[in-house]
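In: give the three-dimensional model of this entry:
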Amino acid sequence: MAPFHIRRAEVTDAPAIAAIHVQSWRETYTGLIAPDFLSRMTDESARQNREKSWQATISQGREDVFVAEQGGEVVAFASVGPARDHPGYASELMTLYSLQRVQRQGIGQSLLRAVMEQVRGQGGKNLALWVLASNPTRQWYAAQGAREAGEKVDGELVEVRMVWDTFPNP
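Out: Residues are numbered from 1 along each chain as shown. Next comes the predicted model:
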C-alpha cells in the first residue's frame, strides 16, 4: 500500500477529477444501472462537461473539494457544500469517488474525515448525502457511522439519503 496525502483541490486538478469521476462510475455502476444511461454519463462528452464543471466549482468556491494523491497522481476526490434537499442538515457530501485500484487503503476514510473537519471548522455539526440504492458503497457509509434516512426517485435512479447526525470525534 503506497502512501497518500489529502489536500485541497486546485483548478489544475479538474481534468484528473473528471477522469476519476467518469472511471469510477464505470467501475461502480456497470451492471447496476441501465447501460445506455451509464454510457451517456461516462462518454467523452460527459467527461469534458465534468471537467468544465469541476473547474468552475473549484475556481468559484461552490464546494470545498479535496483530492487524494498517491505517487504524484490524483486517485480520489471528495466535495462538500450546502445541503440541497436534506431538511435539518446544513452540509451535503456532494461527491466521494476513488479509482477501484486504490480502494481499501484508507483513502476514502481520509477524504471523508477532511470533509467532516471542513464542515466542523465552519460550525457545522452534521452531514447528509445521496447514494444510489444499488451502490455497494452504501454499506461503506454505514460502516463510517452514517444511517439511512429516506429515499427518492430521480429519473431512472433510486437514491438513499445517508446522514451523520453528529460527527465522530476527530
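In: C-terminal to the lowest-mean-pLDDT helix or strand in the chain, what's the next element?
Out: Sorting the helices and strands of the chain by mean pLDDT, DSSP states H and E puts helix 35-42 at the bottom, at a mean of 77. Beyond helix 35-42 in the direction of the C-terminus, DSSP states H and E gives the next helix or strand as helix 44-60.
In: got a list of contacts for the least confident helix or strand of the chain?
Out: The contact list for helix 35-42, computed with CB atoms under 8 Å, 6 or more residues apart in numbering, reads Val22, Gln23, Trp25, Arg26, Tyr29, Thr30, Ala46, Glu156. (C-beta placed from N, C-alpha, C; glycine too.)
In: name the nearest of these relative to Gly88.
Out: Using CB to CB, Glu156 comes nearest to Gly88 of these, at 27.7 Å.
In: how many neighbours does the closest one have?
Out: 9 (other CB atoms under 10 Å).
In: what does the one 10 residues further on give?
Out: As a burial measure, the neighbour count of Thr166 was computed by other CB under 10 Å and equals 9.
In: in a strand, it, correct?
Out: No. Counting by DSSP: H, G, I helix; E, B strand; the rest coil, Thr166 falls outside a strand, being coil.
In: how about the helices of the chain, start to end?
Out: For the chain, applying DSSP state H gives helices covering 14-29, 35-42, 44-60, 107-121, 137-143.
In: surely Glu159 meets Ser134?
Out: No. The criterion here is CB atoms under 8 Å, and Glu159 misses it with Ser134 at 9.8 Å.
In: with neighbour numbers in mind, choose between the two.
Out: Taking other CB under 10 Å, Glu159 and Ser134 do not tie; Glu159 has more neighbours (18 against 15).
In: now do that one against Phe37, distance only.
Out: To Phe37, Glu159 is 14 Å away according to CB to CB, to the nearest Å.
In: mind checking how far stretch 134-154 is from the chain centre?
Out: 13 Å (CA atoms, centre = their mean, to the nearest Å).
In: what comes up buried for that stretch?
Out: Applying a neighbour-count criterion of 16 or more other CB atoms under 10 Å, the buried positions in stretch 134-154 are Asn135, Thr137, Arg138, Trp140, Tyr141, Gly145, Ala146.
In: most remote residue from this protein's center?
Out: Centroid-distance maximum for the chain: Asp36 at 22.6 Å, with CA atoms, centre = their mean.
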